[in-house]
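>>> Okay, predicted coordinates and the sequence, questions at the end:
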Amino acid sequence: MNRNGMRLLMSTMLAGVFLVSASTAALADCAVFGSASAANSALHSALQAAQSQSNGGFSLNMWATIVDRDGTVCAVAFTGGARGDQWPGSRVISAQKANTANAFSLAGLALSTANLYSAVQPGGSLFGLQESNPVNTSVAYAGPATNFGTASDPMIGGRIGGVNVFGGGLALYKAGVLVGGLGVSGDSSCADHNIAWRTRNNLNLDHLAGVGGVSGDSSRPDNIVYDIKSHPFQMNGVSAGGWGHPQCSAAATAIAASLPVVQ
């Protein structure tokens, strides 16, 4: 083998080692949620318990996704008997929500996807955010579909990307440390938020005591905010605090005010 051939071989080998190492490093952070099987089982149980309660929506079946701090998908689950029992489009939306809540939360500031709604509207302080960080379609739509929502879901181990700016995404904190994000989708956006909140609580990943937020409620720092008032020149109205979310139903609004306090 000549010198150029040897250089090419070494470059290829080093690239392979780097890719394996990068993949291992990315997956390592999912270990905080347990093995893929354990994480899927825990997420399914927590989601099912949350969905079975009154959440102010349509009582539809749900999808949920967990990502780690690097945005790597760690678990995907659904509540129905089969993957077609909940909106197929909500699988990727749940992953977007998980990615968003993780991507825009910090150790000292938790932002739910619901908190971002008003800020990304035209004229809002974060207008354009929803166009950033696009979904990684090669991760989102990999097959086979028969594995969707199981411990072998093709999204697991990939960085999903995506930004979603309505209710259903929450950052996850374990023992006060930000470890990733949770996304829930399949009902009204307000019910999604309530279900996500209860799912996080069921997972014991709501250790946000002392973490700041924009809700105005230190016991629920990243709770959904219903402060959008009608405005004669703006179709969507105006949020008094800049972080508001539209109301979906009176029931969902009332439930949000009494969700479990964070730990």
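Received it, and whenever you're ready, just let me know what you need.
>>> Name the residues of stretch 125-140 that come out as buried.
Neighbour-count burial for stretch 125-140, counted by 16 or more other Cβ atoms under 10 Å, picks out 126, 129-130, 133, 135-136, 139-140. Heads up, the C-betas are built off the backbone N, CA and C, glycines and all.
>>> show me where the stretch 151-263 of the chain has strands.
With DSSP state E, counting those that start in this stretch as the criterion, the stretch 151-263 of the chain has strands at 169-174, 177-185, 228-231, 234-239.
>>> rewinding a little: looking at the buried residues of stretch 125-140, which are in helices?
Helix and strand membership here follows DSSP state H; of the buried residues of stretch 125-140, those in helices are 139-140.
>>> Which of the buried residues of stretch 125-140 scores worst on pLDDT?
Sorting the buried residues of stretch 125-140 by confidence puts Gln130 at the bottom, with a pLDDT of 92.
>>> That one and Gly161: what is the separation?
As judged by Cβ to Cβ, to the nearest Å, Gln130 and Gly161 stand 13 Å apart.
>>> Columns distance to Leu116 on top of the buried residues of stretch 125-140, output as JSON lines?
Shown next, in JSON lines, are these (distance: Cβ to Cβ, whole Å):
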{"residue": "Leu126", "distance to Leu116": "7"}
{"residue": "Leu129", "distance to Leu116": "7"}
{"residue": "Gln130", "distance to Leu116": "8"}
{"residue": "Asn133", "distance to Leu116": "12"}
{"residue": "Val135", "distance to Leu116": "16"}
{"residue": "Asn136", "distance to Leu116": "20"}
{"residue": "Val139", "distance to Leu116": "22"}
{"residue": "Ala140", "distance to Leu116": "20"}
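>>> And the furthest pair within the buried residues of stretch 125-140?
Put simply, by Cβ to Cβ the two of the buried residues of stretch 125-140 set farthest apart are Leu126 and Val139, 24.7 Å from each other.
>>> And Ser249, how close does it get to Ser189?
Applying Cβ to Cβ, one obtains 11 Å for the distance of Ser249 from Ser189.
>>> Comparing those two, which shows the higher neighbour count?
Between Ser249 and Ser189, Ser189 has the larger neighbour count (other Cβ atoms under 10 Å), namely 22 against 15.
>>> got the contact list for that one?
Contacts of Ser189 were listed using Cβ atoms under 8 Å, 6 or more residues apart in numbering, and they are 114, 166-168, 245-246, 248.
>>> Out of those, which is nearest to Ser215?
Proximity of those to Ser215 was ranked by Cβ to Cβ; the top entry is Ala114 with 9.3 Å.
>>> I'd guessed that closest one sits against His245; true?
Yes: counting by Cβ atoms under 8 Å, Ala114 sits close enough to His245 to count as a contact (4.5 Å).
>>> overlap in contacts of the two?
When Cβ under 8 Å, 6+ apart defines a contact, the residues bordering Ala114 and His245 alike are 166-167, 189, 193, 224-225.
>>> what would those look like in CSV with pLDDT and distance to Asp217?
Formatted as CSV, the entries for the shared contacts of Ala114 and His245 read as follows, by pLDDT from 0 to 100; distance: Cβ to Cβ, whole Å:
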residue, pLDDT, distance to Asp217
Phe166, 98, 20
Gly167, 98, 16
Ser189, 98, 19
His193, 98, 14
Ile224, 98, 11
Val225, 98, 9
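>>> Can I get the residues you listed in TSV including distance to Asn61?
Formatted as TSV, the shared contacts of Ala114 and His245 follow (distance: Cβ to Cβ, whole Å):
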residue	distance to Asn61
Phe166	19
Gly167	17
Ser189	16
His193	17
Ile224	21
Val225	27
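>>> Most neighbours among the residues you listed, which one?
The most neighbours of any of these, using other Cβ under 10 Å, belong to His193, which has 34 neighbours.
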